[in-house]
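Trainee: structure of the sequence below:
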Amino acid sequence: MCKLCGTKADLCDSHIVPEFLYKPLYDSKHRTVYASGDLISKKVIQKGLREKLLCPKCEGRIGEIERRAASKWELPSRLTESSYTIELCGYSDLKLFLLSVLWRASVSTLPLFGDVSLGRYEEQVHRRVRDQAPGPSTEFPIIGRLLRSPTDETLCGWLITGPVVASYGNFDGWLLIFGGLAWICVPLLSALALRPGALVEVGGWQLPVLTFDSWQSLTGSFK
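Mentor: Below you'll find the predicted structure:
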């Protein structure tokens, strides 16, 4: 049964994180290594992690969301400033894209994405993705950081994580990293839409730069 529309159908091998975000990870033979959460089990893969989640119709709808994001996914390769204003694909398309990845990760049974569930918020996020209605910045606010290498100031585009529970101030949310972007989604808290790094409807996404040298430095930046 399709996780998005509920239709009984032959399911597609659906990406959780879109393939275009895996490109910085591949070697010259289009390979990378996937490690399980315990770092013991490892295997070589040549495509991003996939799972049978969506019917062909919903796979096409999600694919269109991804194509709109991929067509404008341009982040600085070197991060020499303390913050950047990024246009990407516009508020509605970008938030819908990010929520779609968060929702897919939540319903996935793959080990990399197995640590976090959206719990009582899953149906609300599911409905926004299904109806392609991401909602305003005051609902499920998203706060981002650009990740900079501590050695050469380059964008950390090589890092992908599944969602983990993280705190923003006094609130718990879900933190994901891909494409050099770390972002946290906190459910239903309007005040966070005014914080630095918040994704808002107008003016581009103003993203502070974080030098990524440890997991603690990353999670601490969202305090």
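
Trainee: did I read that right, Ile143 in a strand?
Mentor: Yes: assigned with DSSP: H, G, I helix; E, B strand; the rest coil, Ile143 falls within a strand.

Trainee: please shift the residue numbers so they start at 782 in all later answers.
Mentor: Okay, residue one is now 782; in that scheme the one you just asked about reads as Ile924.

Trainee: hmm, it is touching Ala963, no?
Mentor: No: with contacts counted by CB atoms under 8 Å, Ile924 stays clear of Ala963, the gap being 9.4 Å. Heads up, the C-betas are built off the backbone N, CA and C, glycines and all.

Trainee: could you list the buried residues of stretch 839-858?
Mentor: Neighbour counts using 16 or more other CB atoms under 10 Å place 839-840, 842-844, 846-847, 849-851, 854, 856-857 of stretch 839-858 among the buried residues.

Trainee: can you give me the helices for this protein?
Mentor: 837-852, 872-888, 903-911, 996-1001 (DSSP state H).

Trainee: out of those, which gets nearest to Tyr803?
Mentor: Evaluated over the helices of the chain, closeness to Tyr803 peaks at helix 837-852, with 11.7 Å, by CB to CB.

Trainee: what stretches of the protein score poorly on pLDDT?
Mentor: Judged against pLDDT under 70, the low-scoring parts of the chain cover residues 805, 807-829, 969-974, 995-998, 1000-1004.

Trainee: switch to 50 and redo it
Mentor: 816-823 (pLDDT under 50).

Trainee: which residues of it fall in strands?
Mentor: 793-796, 813-816, 823-826, 831-835, 864-867, 923-929, 942-949, 952-959, 962-966, 986-992 (DSSP state E).

Trainee: using PDB, list the CA coordinates for the fourth one.
Mentor: The C-alpha atoms that make up strand 831-835 are tabulated as PDB, following Å, rounded to 0.1, in the frame of the first residue of the first chain:
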ATOM      1  CA  ARG A 831      15.700   3.400  -1.500                       C
ATOM      2  CA  GLU A 832      12.600   1.600  -0.200                       C
ATOM      3  CA  LYS A 833       9.300   0.500  -1.600                       C
ATOM      4  CA  LEU A 834       7.100   3.300  -0.300                       C
ATOM      5  CA  LEU A 835       5.100   5.000  -3.100                       C
END
